[in-house]
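Trainee: Here is a sequence together with a model predicted from it:
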Amino acid sequence: MENKKVNVRDLTILGMLSAIIIILGYTPIGLIPIPILNISASIIHIPVIVGAIILGPKKGTVLSAVMGSVSFLRALSAPGFYDQFFRNPLVSILPRIFIGLAAYYAYVVIEKLVKDNQKEAGWINQLIKVAAAAAGSIAGALANTVLTLSALLIAISFAFPDKLQEAMAVATTVVSTVGIAEMIGTAVIVPPIVYALKKLRY
């Protein structure tokens with residue numbers, strides 16, 4: 001009976017996070033303006049990272065696929081030059097699959113320190129758990145930025161080799177501005193959400 005309760009709870013969280021991904025993907029809520037840099041940072045990957053840390057790598061992969069599918073579907077009607085490449089699942093979906101995996105395993109590596117230091121003070125272990133969630137957040141955000149841009153550049157190199165240099169310059173700018181902003185923002189936002197959902201789950 002207890003396992004059934006846990007499964008229902010996990011499926012509820014999975015469904016909730018999937019719905020949030022879709023809402024963020026189709027509304028301006030998924031973008032946070034950063035006036036100082038004159039850019040917007042995406043937060044669509046945050047539910048994926050939260051889900052991977054809370055529910056594990058398999059369900060994290062499901063959420064990653066949901067995010068990639070939203071990107072794919074949006075690209076079908078988007079008119080931009082770069083949008084056309086996201087109509088290819090190898091660009092829009094495949095790289096996103098690794099967001100949840102990267103977040104989960106980075107989290108697990110750091111959290112293991114808690115199990116290895118059970119005699120330490122409670123506040124130290126709590127600090128390690130926060131650091132683990134932050135590490136998972138950064139790993140997931142980094143995987144999203146680097147892998148998606150890499151897939152995009154590979155696609156451009158085949159379709160429009162003359163545009164590759166320009167695309168690489170754009171990618172470098174994105175990594176050094178939006179990418180860093182997303183990593184920092186994710187590392188701040190995710191840990192308290194993870195803490196709250198772990199309380200709800202257990």
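Mentor: Done, it's in.
Trainee: what about the longest helix in the chain?
Mentor: helix 122-159 (DSSP state H).
Trainee: Packing partners of it?
Mentor: helix 46-55, helix 89-92, helix 97-116, helix 164-174, helix 180-201 (3 or more Cβ pairs under 8 Å, 6 or more residues apart in numbering; DSSP states H and E). Using the backbone N, CA and C atoms, a C-beta is placed for each residue, glycine as well.
Trainee: so who does the spatially most central residue of the chain touch?
Mentor: The centroid of the chain falls nearest to H45 when counting by Cα atoms, centre = their mean (3.2 Å). Residues in contact with H45 (Cβ atoms under 8 Å, 6 or more residues apart in numbering) are M67, R96, I99, G140, A141, N144, E182, T186.
Trainee: what do you get for T61?
Mentor: A52, I97, G100, L101 are the contacts of T61 under Cβ under 8 Å, 6+ apart.
Trainee: Tell me the confidence at it?
Mentor: pLDDT for T61: 96.
Trainee: Secondary structure element holding it?
Mentor: T61 belongs to helix 57-75 when elements are defined using DSSP states H and E.
Trainee: Flag every buried residue along that helix.
Mentor: Of the residues in helix 57-75, 57, 59-73, 75 count as buried by neighbour count, 16 or more other Cβ atoms under 10 Å.
Trainee: Work out the gap between that helix and the centre of the chain.
Mentor: Centroid displacement of helix 57-75 relative to its chain, using Cα atoms, centre = their mean, to the nearest Å, is 10 Å.
Trainee: Hey, what's the angle from that helix to helix 46-55? Just curious.
Mentor: 170 degrees (axes from the mean of the first three to the mean of the last three Cα atoms, to 10 degrees).
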